[in-house]
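*Asks:* I would like to see how this sequence folds:
(one chain, ligands or ions: 2)
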Amino acid sequence: MSVTVRVPAKVNVQLGVAAARPDGFHDLANVFLAVGLYDEVTVTPADELRVTCAGPDAASVPLDRTNLAARAALALAERRGIEPAVHLHIAKDIPVAGGMAGGSADGAGALVACDALWGTGASRAELLDICAELGSDVPFSLVGGAALGTGRGEKLAPLEVGGTFHWVFAMAERGLSTPAVFREFDRLTAGREIPAPEADPALLTALSKGDPEALAAALTNDLQPAALSLYPELAATLKTGEQAGALATLVSGSGPTTAFLVPDATTATRVATALQDSGTCRTTRTAAGPVPGATVL
Ligand SMILES: C[C@](O)(CO)[C@H](O)COP(=O)(O)OP(=O)(O)OC[C@H]1O[C@@H](n2ccc(N)nc2=O)[C@H](O)[C@@H]1O
Ligand SMILES: Nc1ncnc2c1ncn2[C@@H]1O[C@H](COP(=O)(O)OP(=O)(O)OP(=O)(O)O)[C@@H](O)[C@H]1O
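*Replies:* Ligands and ions are numbered 1, 2, ... in the order given. Down below sits the predicted model:
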């Protein structure tokens, strides 16, 4: 018997970042949108905890107990006094270290899969608690759709979305470490007064109306200067997508994946081809959102 759970990637359509807190984390106004690029986590009973991974980026995924899928299984097993004797297989399609919450998706997926396999009957609230312990982005991977994340991004309020938004994503040659990008944000903003970030009402209206032009005008990412500072070549990728007809361009979360909002699927294909031909990225993908969060298949 095995259970497979499908979990989407995310793009942050607004990422407002406050100054570092005493614990080093940053309070956020983090507007998440789940997009149709997925990892699948399959859990099967085994002699002991084991993780395997397949997919284009599989070689850079840790297979020990630091893997977020393993950590999720261990966290649930410990709470229930269960032996975490399972094989977790990750079919990975979300870019690794790309700012699209790939590891977080696997954590949420493994948690939902183990809960189903073991019949622990954990409530949604308990699952969300475990997600928040695993990482700031993990609760959103569980719920999907669109949501405003506050605190370090783990406190979620669902958002209404009145349509489908089309995106192109350009994957970069190398990854960026999320803590390094936040540290660069601290360096770049040192000595400056940073106002408490708040969700932009114009952006929330654009989402609720499903209006891509209005959303394009409102997209912001406070981590973008830090990501560009650590990875200056991304500027050329953004420029290429803009010239090819994207409504707006953005670094996805902590980067280095870049995101291009486009009006429709046809434009998505055109922008993806232009990006691919330009040689300013490793590869491209098109995806639309919102889509549901972690789902048992
Ligand atoms: C950049 C985003 O992806 C936007 O959604 C998230 O804020 C990052 O979420 P994540 O990868 O789940 O991050 P975590 O695993 O919780 O934290 C990794 C590291 O990122 C930094 N971090 C993360 C979230 C946050 N609100 N403030 C931070 O400063 C901290 O240095 C932390 O040690
Ligand atoms: N299941 C996993 N899949 C990918 N990376 C993992 C996983 N578990 C742990 N990691 C570690 O986490 C690091 C970040 O990978 P991940 O793909 O989650 O980055 P990310 O998409 O930038 O995250 P976020 O958008 O949440 O900041 C990797 O370099 C890897 O060492």
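*Asks:* Pull the contacting residues for whatever residue of the stretch 1-150 of the chain ends up closest to ligand 2.
*Replies:* Using Cβ to the nearest ligand atom, residue 103 is the residue of the stretch 1-150 of the chain that sits closest to ligand 2, at 2.5 Å. For every residue, glycine as well, the C-beta is placed using N, CA and C. Applying Cβ atoms under 8 Å, 6 or more residues apart in numbering, we find residue 103 in contact with 67-68, 96, 135.
*Asks:* again with residue 235
*Replies:* When contacts are taken as Cβ under 8 Å, 6+ apart, residue 235 is in contact with residue 228.
*Asks:* what's the spacing between it and ligand 2?
*Replies:* As defined by Cβ to the nearest ligand atom, to the nearest Å, residue 235 lies at a distance of 19 Å from ligand 2.
*Asks:* Quick check: phi and psi on that residue?
*Replies:* Recorded main-chain torsions at residue 235 are phi -60, psi -40, according to degrees, to the nearest 10.
*Asks:* Count the neighbours of residue 23 for me.
*Replies:* A count of neighbours around residue 23, defined by other Cβ atoms under 10 Å, yields 7.
*Asks:* Please apply the same query to residue 286.
*Replies:* For residue 286, the count of nearby residues is 19 (other Cβ under 10 Å).
*Asks:* Please name the residues that touch the closest residue to it other than its chain neighbours.
*Replies:* Of all residues not flanking residue 286 in the chain, residue 268 sits nearest, at 4.3 Å (Cβ to Cβ, 6 or more residues apart in numbering). Shown in contact with residue 268 (Cβ under 8 Å, 6+ apart): 166-168, 262, 286.
*Asks:* TSV for those, including pLDDT, secondary structure and distance to ligand 2?
*Replies:* Conversion of these to TSV gives the following (pLDDT from 0 to 100; DSSP: H, G, I helix; E, B strand; the rest coil; distance: Cβ to the nearest ligand atom, whole Å):
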residue	pLDDT	secondary structure	distance to ligand 2
166	98	strand	21
167	98	strand	15
168	98	strand	17
262	98	strand	21
286	98	strand	18
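*Asks:* now those in a markdown table, with distance to residue 207?
*Replies:* Rendered in a markdown table, the data for these read as follows (distance: Cβ to Cβ, whole Å):
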| residue | distance to residue 207 |
| --- | --- |
| 166 | 14 |
| 167 | 14 |
| 168 | 19 |
| 262 | 16 |
| 286 | 20 |
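*Asks:* Would you agree residue 89 falls within a strand?
*Replies:* Yes: according to DSSP: H, G, I helix; E, B strand; the rest coil, the state of residue 89 is that of a strand.
*Asks:* Against residue 116, how distant is it?
*Replies:* Taking Cβ to Cβ, to the nearest Å as the measure, residue 89 falls 15 Å from residue 116.
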